[in-house]
Structure formats: structure tokens, C-alpha cells
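1. Quick check, what structure comes out for this input:
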Amino acid sequence: MADSAARDAKPRFQRPGWFTKNVFNPILAGLTRLGFSVMGSRVLCVRGRTSGERRCTPVNLLVLQGVRYLVAPRGHTQWVRNLRVAGSGELLLGRRSEPFHALEVPDAEKAPILRAYLKRWKVEVGIFFGGVGADSPEEDLRRIAPDHPVFRLDR
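-> This next block holds a predicted model:
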């Protein structure tokens, strides 16, 4: 209940800038759709929570100890909100589609996942974590956990 109360109180969301929205994400999504994964990139497709239409966006798939995760560096984004409602989606890499069921990870369990995510993609997404990095103390990772939804993906 504490996780959902924190989420509902004032969810953090950092909108992508013009360059990210109009240049970087389309290029990354295009490469991924062609079958080229850039450091684990995939295209996430989820049904929209109100429209029911398929919504797709590039994401970084983290595999940690054999478990697959999606982390939302920008916070409570549209894809996060859609995935919470849909509970499932698919990851695309080229022509390959991997359906999955998603389970949101509680804040108390996020620290090692966030640490691994930052270790892998800090150059790309570090700015969204308020100065917290892979080498930051555990309490800093726990402090930012409510701002960064994490989903465990099951096949």
C-alpha cells in the first residue's frame, strides 16, 4: 500500500526533450525494429489504457541473474501507466516478438535492480536519477526507488 500511496501522491515524470522524442528514440526504435539491439534495446508494445490502441516505445531490457526487467528512468511515463493497466505486452527485436506478463517490483526490492540498470546505462539515462549512480550508497537507491517504476517480465 505504501508503494501505491507514494505513486499516487506525486508521481515523478520527466518528459523527453525535442531531440529525444524526434531524433534519438525514432532512430533507436528503427534500429531495434530492424533487428539491431543497441545494448539490450527492445521496442515495448502495450495496449493503451484508455484508447486500447497498441502503443510502442523503445526501452532498455535489463537481464539480472536470469530475470528480465524494465526500468522507467523518466519515472511514471505513459508506457508505465499503460503497462500497469494492461499487465502484459510484448517486446520486439526485429521480426521476433516476445509476449510477457509484467509484475511491478515493490520499492523495497528495487535497489539492486536500479544499481545494475545504472551500471549498464548510466551514460544514456544517468541524468534522470538525480545524481544517484551505480556506486551510490544503498540508502540513495532506496530513496529514489519510488520515482522509477520497475517491472519483472515473465514469459
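
2. Return the residues in contact with the residue lying closest to Arg33 once chain neighbours are set aside.
-> Distances taken as CB to CB, 6 or more residues apart in numbering place Val43 nearest to Arg33, at 6.0 Å, with adjacent residues excluded. Bear in mind the C-beta positions are built from the backbone N, C-alpha and C, glycine included. Residues counted as contacts of Val43 (CB atoms under 8 Å, 6 or more residues apart in numbering) are Ala29, Thr32, Arg33, Cys56, Thr57, Pro58, Val59, Leu91, Leu92, Leu93.

3. The third one against Gly94, yeah?
-> Yes: at 6.9 Å, Arg33 and Gly94 qualify as touching, with contact defined as CB atoms under 8 Å.

4. of those two, who's got more company?
-> Using other CB atoms under 10 Å, the more surrounded residue of Arg33 and Gly94 is Arg33, with 16 against 13.

5. Greatest separation within the contacts of Val43: which pair is it?
-> Thr57 and Leu93 (14.1 Å; CB to CB).

6. Which helix or strand in this protein has the lowest average pLDDT?
-> Within the chain, no helix or strand scores below helix 2-9, which has a mean of 48 by mean pLDDT, DSSP states H and E.

7. and Asp135, how many residues sit next to it?
-> 10.

8. Quick check: phi and psi at it.
-> phi -100, psi 0 (degrees, to the nearest 10).

9. Quick one: mean pLDDT over whichever strand or helix holds Val59.
-> Take DSSP states H and E as the rule and Val59 turns out to sit in strand 54-64. Averaged across strand 54-64, pLDDT comes to 95.

10. No more questions from me, cheers.
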